[in-house]
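S.K.: Would you be able to build a 3D model of this:
(one chain, ligands or ions: 1)
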Amino acid sequence: MKMIFKMLKRGVNVGLLVILVMLLSYSSMAFAVGQVEIFSWWTGGGEEEGLNAIYEVFKSEYPDVEIINATVAGGAGTNAKAVLKTRMIGGNPPDSFQVHGGMELTDTYVVTGKMESLTAHLKEWGIYDKFPADIMEICSYEGEVYSIPVNVHRGNVLFINKEILDKVGISSVPGNWPEFIETLKKIKAAGYVPLSLGDKNKWTATHLFETILLSTMGPYNYNGLWNGRVNFSYQGVKDALDILLELMDYVNDDHAALTWQDATLMVFEGKAAFNVMGDWAEGYLKTLGWTPGKEFNWMTVPGTKGAFMIVTDTFGLPKGTPNRENALKWLKIVASVEGQDAFNPIKGSIPARLDADKSLYDIYLTWSMNDFATNALCPSIIHGSAAPEGFTTALNDALNIFIAEKDISATLNSIQNAAKDYL
Ligand code: GAL
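M.R.: Below is the predicted model of the structure:
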């Protein structure tokens, strides 16, 4: 402004000034390209660090777009999903949001007409064929892709505190339930918590249950539950409840007061020998300072060798988003090798991109990548892929009542009714 007044005083041509002002405002329009609101539940324990890493890639590519980091704390989206739904129903969508590939995306948001297809963008960016077909299938509906997978997490992992096992004198962890339970007994007798659980937010008990269910059904029949080939009166469902009940004798007493991070922390602090968790726990243990293979080991949950429980985080484009162009820029980073290779080694997940740089991934993630390429792939229930939300919520509620009341036949009844209602 000062400069303009000075120029006027000096008698500079008014016409020239008008052109100068127009040029200035045009250039500011060209550079100040606004904001993008990214919605997720990644607030801590390895999750936030991973998110920040991909944000850095975005910022270096689009320095003039401000990221509004809209996070709602609570593992597995305990609180975020409800907030998101209110916003989507209220016509106030974020520019892009974290959503699990599968039913959580399609049944909740795609069939209700709330998402834009991303197929044409993936083709335009030349990366339509750079993702595994199985993952793209669960991100699609009627042939159109509706969200972009940033990663693949594995759900059926048992994390192991090496030092405790050394002290108790356990040289290998059995891969079947009866012998595994014998191992838990030994650990308990030595004064440690054998298996840590933090089910304050409920979903972790369902997470444990679904990995047991995978073992008792086997991958083929587990997958059959979701396409009508197998029903919930199958013996494997009851067997899974039996095993869950037995495991509860070896779990920390304060499980109902803890989060998933608290339970993982018990392994880190040398209080608990094992924790069953998705491999975001690997990301968390690394941010705490542990190195895979050094202080901790891992294996598939007993009875699930050869099966890979898929949990995939994806981002989509809601219709009517306020900053659509910037949302597309974000999605391009989510889909990119650079974005995925910045995010996943920290997050504890493997990249969805087939052409990612494998050398950036640690020994644990390399194990996971190899298994993903060769194992039977099975969608997670509690992490949104296998079943519609109504079923998942009913299962979650039934299992939490089960843990308190231990009534197998009432629980079986509730699960079978939920299957009739929603599947
Ligand atoms: C899952 C999600 C993971 C991780 C975990 C714990 O549902 O897919 O990325 O964040 O919840 O919050």
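S.K.: what about residue 362, neighbour count?
M.R.: 15 (other Cβ atoms under 10 Å). The C-beta positions use only the backbone N, C-alpha and C, and glycine is treated the same way.
S.K.: That one reaches residue 345, doesn't it?
M.R.: Yes - the criterion here is Cβ atoms under 8 Å, and residue 362 meets it with residue 345 at 6.8 Å.
S.K.: Do the strand or helix carrying residue 372 and the ligand come into contact?
M.R.: Using DSSP states H and E, residue 372 falls within helix 363-374. No - no part of helix 363-374 sits near the ligand under the criterion Cβ under 6 Å from any ligand atom; the closest distance found is 13.8 Å.
S.K.: Show me what that helix is packed against.
M.R.: For helix 363-374, the contact count by 3 or more Cβ pairs under 8 Å, 6 or more residues apart in numbering; DSSP states H and E identifies strand 151-154, strand 296-300, strand 350-351 as packing neighbours.
S.K.: what comes into contact with the longest one?
M.R.: For strand 296-300, contacts defined as Cβ atoms under 8 Å, 6 or more residues apart in numbering pick out 156-162, 173, 175, 267, 282, 285, 290, 292, 306-307, 364, 367, 371.
S.K.: What about those residues, which are in strands?
M.R.: 157, 158, 159, 160, 161, 307 (DSSP state E).
S.K.: Let me see the contact set for the last one.
M.R.: This means residue 307. 156, 214, 218, 219, 222, 300, 375, 376, 378.
S.K.: would you turn those residues into CSV with distance to residue 405, pLDDT and neighbour count?
M.R.: Putting the contacts of residue 307 into CSV (distance: Cβ to Cβ, whole Å; pLDDT from 0 to 100; neighbours: other Cβ atoms under 10 Å) gives the following:
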residue, distance to residue 405, pLDDT, neighbour count
156, 26, 99, 30
214, 24, 98, 28
218, 28, 98, 17
219, 30, 98, 18
222, 26, 98, 26
300, 30, 98, 22
375, 35, 98, 20
376, 33, 98, 16
378, 28, 98, 27
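S.K.: Of those residues, which is the nearest to the ligand?
M.R.: Closest to the ligand out of those is residue 156 (13.7 Å), distances taken as Cβ to the nearest ligand atom.
S.K.: What residues does the chain have near the ligand?
M.R.: 41, 42, 47, 75, 76, 77, 153, 278, 280, 311, 313, 383.
S.K.: rerun that using 8 Å as the cut-off
M.R.: By Cβ under 8 Å from any ligand atom, the residues of the chain that approach the ligand are 41-42, 45, 47, 74-77, 98, 100, 151, 153, 203, 260, 278, 280, 311-313, 347, 349, 382-384.
S.K.: and the angle from the strand or helix carrying residue 223 to strand 157-161?
M.R.: Assigned by DSSP H and E, residue 223 belongs to helix 203-224. When axes from the mean of the first three to the mean of the last three Cα atoms, to 10 degrees is applied, the directions of helix 203-224 and strand 157-161 differ by 140 degrees.
S.K.: Can you dump the C-alpha atoms of helix 203-224 in PDB for me?
M.R.: C-alpha atoms of helix 203-224 as PDB (Å, rounded to 0.1, in the frame of the first residue of the first chain):
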ATOM      1  CA  TRP A 203     -12.600 -53.400  19.700                       C
ATOM      2  CA  THR A 204      -9.400 -55.000  20.900                       C
ATOM      3  CA  ALA A 205     -11.400 -58.000  22.400                       C
ATOM      4  CA  THR A 206     -13.100 -58.400  19.000                       C
ATOM      5  CA  HIS A 207      -9.700 -58.100  17.400                       C
ATOM      6  CA  LEU A 208      -8.400 -61.000  19.500                       C
ATOM      7  CA  PHE A 209     -11.500 -63.000  18.800                       C
ATOM      8  CA  GLU A 210     -11.400 -62.600  15.100                       C
ATOM      9  CA  THR A 211      -7.800 -63.800  15.000                       C
ATOM     10  CA  ILE A 212      -8.900 -66.900  17.000                       C
ATOM     11  CA  LEU A 213     -11.900 -67.300  14.700                       C
ATOM     12  CA  LEU A 214      -9.500 -67.300  11.700                       C
ATOM     13  CA  SER A 215      -7.600 -70.200  13.400                       C
ATOM     14  CA  THR A 216     -10.600 -72.300  14.300                       C
ATOM     15  CA  MET A 217     -12.400 -71.800  10.900                       C
ATOM     16  CA  GLY A 218      -9.300 -71.900   8.700                       C
ATOM     17  CA  PRO A 219      -9.000 -69.200   6.000                       C
ATOM     18  CA  TYR A 220     -11.300 -70.900   3.500                       C
ATOM     19  CA  ASN A 221     -14.200 -71.200   5.900                       C
ATOM     20  CA  TYR A 222     -13.500 -67.900   7.600                       C
ATOM     21  CA  ASN A 223     -13.800 -66.200   4.200                       C
ATOM     22  CA  GLY A 224     -16.900 -68.300   3.500                       C
END
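S.K.: Nice, that's everything, thank you.
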